[in-house]
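Chemist: got a predicted structure here, sequence first:
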Amino acid sequence: MSDIIGTRDQSSVRAYTQPLDIDLDANDWMYHHEGNENILFKYIGSSGGSHSMLQGQILRLQKHNVPISGASEDDGSSTSDSKMRERTLLQLYHDRSTFSHDVIGRLLGEKYILPQRLVRVSAYLISQLNAAAASQRPANRLHKQADVDQALGVLIPDMSGDGQRLSIEIKPKWGFLPTSRSVDPVKHRTCRYCMHKYLKHSADKASGFCPLDLYSGDSERVEQAVDALVANPQNNFRVFIDGNLVDSSPVQAVAHWDVFKSVLVGILVEDGVLPRLADLQRSLDRLDIEGVYPEYLAALRSGALSGAEPSIEDWVTACSTYISCEQDSVVSDKQAVLEFMLSVTLKDISMMIQIDSWPPQSLEDPKPSYSIAIVDTDAKKLSKMTMYLERDQAIVKNYLDLFPDTAQQTQCTE
Ligand SMILES: O=P(O)(O)O[C@@H]1[C@@H](OP(=O)(O)O)[C@H](OP(=O)(O)O)[C@H](O)[C@H](OP(=O)(O)O)[C@H]1OP(=O)(O)O
Ligand SMILES: Nc1ncnc2c1ncn2[C@@H]1O[C@H](COP(=O)(O)OP(=O)(O)OP(=O)(O)O)[C@@H](O)[C@H]1O
């Protein structure tokens, strides 16, 4: 079905079985950022007893309790129980890493996936990190905090940069219009983001960003998308200078913004990751939630899906089957659902573009070297399928209520 096949790097996966066992000091970590599921701390090494291997690393901690299936409920006092808990946790993290590298990396290109390393974290460390971060966290995220019981955290390279580095984060969202004839016709005209923004925000706050401009490969449209992101970044656009999030307009904060913008547009047009992402999103989601939901129910009825979350073997098999099948070939209900779920992950990733040195030596011919990483490559929960259908219906209904006439609706173009 696709020629998008990355290479496998087993070394990063193997690293997962050997968690680092070093004394982490909360004073060495600074609150960096967070999403809905994870909170991240940046290594600053200010306690005096710094570890060189932690330089340039981010500690990613989960904000919700790690589900431990099969483990007995224990207070951690029994050695055999805590060993079992550790084994279960290691398996869970190993599966996550395998999903990032062997599924998402294989689809998108391994070079975009960051190496990950497990590290032991104590409840005391996490409670100290939670306390130190409290005053810096956004109000809308405070209902969750790092789970003190997780025992293991993940170290990933810090893509927000340091020194003269500049880093741009873009959450590009959905890069295609559905083609399936069985979906609501408005979806053929207006892209998911351009409808969803009216459900998330009032019309006056809705962003002018259309992801299809960003994915278009056309310099003018990509520049238009960057301008719209700068004007209304929401959670789709962030700039980090020297590793710190810029909270003012990048037009003022970034030296020679206009030159920088053309460099950024050049990278977005020339690097293959955006077209790859859009192709994958589209071909993994051929039926749309409207078409795949009945297949989900059929797979549950037939027992092909049990109602439990897919195993890592299910994901790896679904990915291999997708890669080996011809475009438009008929697949099983289970395969269709798993492909859809892979597209959900790919519709929610962020790209971090790190520019090695800015401003450049020559503004006339700026060609800074850069690297791109794709972050937030976790599997999404199959248990959210019904929510996805309901959200889709809510998005379309709200949009059609606001813009009932075709002439009023945004015409998005791929
Ligand atoms: O459905 P969407 O498009 O709103 O995506 C959700 C994101 O919303 P946004 O990008 O603001 O629209 C949402 O982002 P925010 O929390 O709003 O920053 C999450 O990324 C969510 O994923 P998860 O539940 O944390 O695994 C995302 O949910 P999934 O659809 O990826 O499960
Ligand atoms: N390797 C990295 N280097 C620097 N910053 C990062 C890195 N990975 C993530 N971040 C920052 O942390 C934020 C949250 O990270 P992440 O996307 O992993 O959280 P999440 O809770 O899984 O997100 P979501 O809400 O999409 O589920 C990102 O949007 C980005 O700003």
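Modeler: That came in fine, so what should we check first? Ligands and ions are numbered 1, 2, ... in the order given.
Chemist: may I see the buried residues of whichever strand or helix holds residue 400?
Modeler: Residue 400 is part of helix 385-402 when elements are defined by DSSP states H and E. Under the neighbour-count criterion of 16 or more other CB atoms under 10 Å, helix 385-402 has 385, 388, 389, 392, 395, 396, 399 buried. The way it works is simple: take the backbone N, C-alpha and C, and place the C-beta from them, glycine included.
Chemist: need these in CSV with pLDDT, can you?
Modeler: What follows is these, written out as CSV (pLDDT from 0 to 100):
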residue, pLDDT
385, 98
388, 98
389, 98
392, 98
395, 98
396, 98
399, 97
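Chemist: ok, back up a step: contact partners of the helix holding residue 400?
Modeler: Residues from elsewhere that reach helix 385-402, judged by CB atoms under 8 Å, 6 or more residues apart in numbering: 184, 186-187, 190, 192, 195-196, 198-199, 203, 288-290, 293, 296, 337, 344, 409.
Chemist: over to stretch 128-141?
Modeler: 26, 29, 31, 34, 36, 39, 41, 61, 142, 145, 146, 148.
Chemist: try it again with 10 Å
Modeler: 24-27, 29-36, 39-41, 59, 61, 63, 121-122, 142, 144-148, 153 (CB atoms under 10 Å, 6 or more residues apart in numbering).
Chemist: of those residues, list those near ligand 1.
Modeler: 35, 36 (CB under 6 Å from any ligand atom).
Chemist: in helices, which of the contacts of stretch 128-141 appear?
Modeler: Among the contacts of stretch 128-141, DSSP state H puts none in helices.
Chemist: of the contacts of stretch 128-141, select the buried ones using a ChimeraX command.
Modeler: Burial among the contacts of stretch 128-141 is assessed by 16+ other CB under 10 Å; the matching ChimeraX selection reads:
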select :24,25,26,29,30,31,32,33,34,35,39,40,41,59,61,63,121,145,146,147,148,153
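Chemist: the inter-axis angle of the helix or strand hosting residue 290 versus helix 385-402?
Modeler: Assigned by DSSP H and E, residue 290 belongs to helix 288-302. Put simply, helix 288-302 runs at 150 degrees to helix 385-402, going by axes from the mean of the first three to the mean of the last three CA atoms, to 10 degrees.
Chemist: if I look at the closest residue to ligand 2 within the stretch 151-300 of the chain, how far off is residue 172?
Modeler: Across the stretch 151-300 of the chain, no residue is closer to ligand 2 than residue 159, which sits at 3.6 Å (CB to the nearest ligand atom). Taking CB to CB, to the nearest Å as the measure, residue 159 falls 16 Å from residue 172.
Chemist: what do you get for residue 413?
Modeler: From residue 413 to residue 172 the distance is 16 Å (CB to CB).
Chemist: more neighbours, the two?
Modeler: Neighbour count, other CB atoms under 10 Å: between residue 413 and residue 172, residue 172 has more, with 26 against 12.
Chemist: now the phi/psi pair for the more buried one, please.
Modeler: phi -80, psi -20 (degrees, to the nearest 10).
Chemist: confirm for me that it is in contact with residue 372.
Modeler: No: counting by CB atoms under 10 Å, residue 172 does not reach residue 372; the two are 11.8 Å apart.
Chemist: joint contacts of these two?
Modeler: By CB under 10 Å, 6+ apart, residue 172 and residue 372 have these common neighbours: 268, 273, 274, 351.
Chemist: ramachandran angles for the third one?
Modeler: So that's residue 274. Main-chain torsions, residue 274, degrees, to the nearest 10: phi -70, psi -50.
Chemist: okay, helices next: where are they in the stretch 151-300 of the chain?
Modeler: Secondary structure of the stretch 151-300 of the chain by DSSP state H, counting those that start in this stretch: the helices cover 186-189, 192-200, 211-215, 219-231, 250-253, 257-270, 273-284, 288-302.
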